[in-house]
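> Structure here, sequence nowhere to be found:
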Ligand SMILES: O=C(N[C@@H](O)C(=O)O)c1ccccc1
């Protein structure tokens, strides 16, 4: 693994969480304003090859929603569960983010819906976008939507849609459609050929939105307010798949990413990357040393540079901190 100029390197904190969190497939991670970690997982539901038919209709509806708590709020130091919610609501969780009021915004690829939920553990549905179990590609339907990002200033909501739509939609804070770019955009300049826009991250200091354009193995960034293309970050070492991204304004702007297994062809080693956003230079790469990445599926970075990666096949969340601190911990 590489080290950045100062020799800093992210290393796994192997004794986190202190107690087993009984997780299913971990699809999404978020942070709240207190720096606690929010985990969105699938309990006993599995996204397998028979979960959907060829028209993206979910096939296991009669099994009912996941009965376990799909949303766990855990403290970032010990991994203790502070709140557990999200029971009997979801079928196949995917993305999760928090807004400036610590509400949760989540996507469910089986429901083809986006939900705004109260973050107080009561899961009040404050807003629902899309029609339950009905895929579509107009302004009121999604097709396996993957993630949400919320602009902390305007409150505008961005949805990456998704496995079977290849577009980014922009909504007002109240859920009113504003615009979209990618497939189906009327404006040729905004017709970005995404191949599974899989993860979103908002860059508050730059007012940009970055997209993990998964099967194109690249990160695409846009002006959040206009959808205008800003830059692309694509590296051979990604191996053709970028599953998730996260951004930290620290140190001038650092973009974090995890790659994935390409459906066919050479598999690059699965790892996380720390990228200097303005120079596009990879400063560090990292992976766990007491377990292995199997399907790193989401990533978040805290204000102090702690990184969490959720793995949808290892059914676990892994914590990483800077090596200098880690050495300090070891004494
Ligand atoms: O992409 C897939 N899964 C992950 O991204 C996920 O679990 O969100 C997938 C695709 C086809 C069949 C089975 C799984």
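In hand now; what should we look at? Here the structure is a predicted model, which is why all the values come from computation and not from measurement.
> Please make it C-alpha for all contacts and neighbour counts, starting now.
Fine.
> Enumerate the residues of the stretch 51-200 of the chain near the ligand.
residue 94 (Cα under 6 Å from any ligand atom).
> does the residue in the stretch 51-200 of the chain that the ligand sits nearest to count as helix, strand or coil?
Nearest residue of the stretch 51-200 of the chain to the ligand (Cα to the nearest ligand atom) works out as residue 94 at 6.0 Å. Of the three states, residue 94 takes strand according to DSSP: H, G, I helix; E, B strand; the rest coil.
> how close does it sit to residue 135?
Taking Cα to Cα, to the nearest Å as the measure, residue 94 and residue 135 are separated by 15 Å.
> So between those two, which is more surrounded?
Using other Cα atoms under 10 Å, the more surrounded residue of residue 94 and residue 135 is residue 94, with 30 against 25.
> Grab the nearest non-local neighbour of the more buried one.
residue 27 (5.0 Å; Cα to Cα, 6 or more residues apart in numbering).
> Make sure residue 257 is actually in contact with residue 238.
No: using Cα atoms under 8 Å, residue 257 makes no contact with residue 238, being 9.1 Å away.
> returning to what we had before: surely the residue nearest to residue 94 is in a strand?
Yes: assessed by three-state DSSP, residue 27 belongs to a strand.
> looking at it, it is touching residue 45, isn't it?
No: Residue 27 is beyond contact range of residue 45, at 11.5 Å (criterion: Cα under 8 Å).
> Give me the local confidence score for residue 2.
The predicted local distance difference test score for residue 2 is 59.
> Which residues are in contact with the nearest residue to residue 41 once chain neighbours are set aside?
Closest residue to residue 41 apart from its sequence neighbours, by Cα to Cα, 6+ apart: residue 26 at 4.3 Å. Counting by Cα atoms under 8 Å, 6 or more residues apart in numbering, residue 26 makes contact with 39, 40, 41, 42, 297, 310, 311, 312, 313, 315, 316, 317.
> give me phi/psi at the second one?
Backbone torsions of residue 40, given as degrees, to the nearest 10, read phi -110, psi 110.
> give me the number of residues near the residue nearest to residue 241 when sequence neighbours are not counted?
Distances taken as Cα to Cα, 6+ apart place residue 217 nearest to residue 241, at 3.9 Å, with adjacent residues excluded. The tally of other residues near residue 217 (other Cα under 10 Å) stands at 23.
> show me the contacts for residue 217.
234, 235, 238, 239, 240, 241, 242, 259.
> Neighbour-wise, give me the winner out of those.
Most crowded among these, counting by other Cα under 10 Å, is residue 242 at 31 neighbours.
> now it: how far from the ligand?
11 Å (Cα to the nearest ligand atom, to the nearest Å).
> Give the bridge partners for that residue, please.
Beta-bridge partners for residue 242, by DSSP bridges, are residue 259.
> what does residue 248 give?
residue 254.
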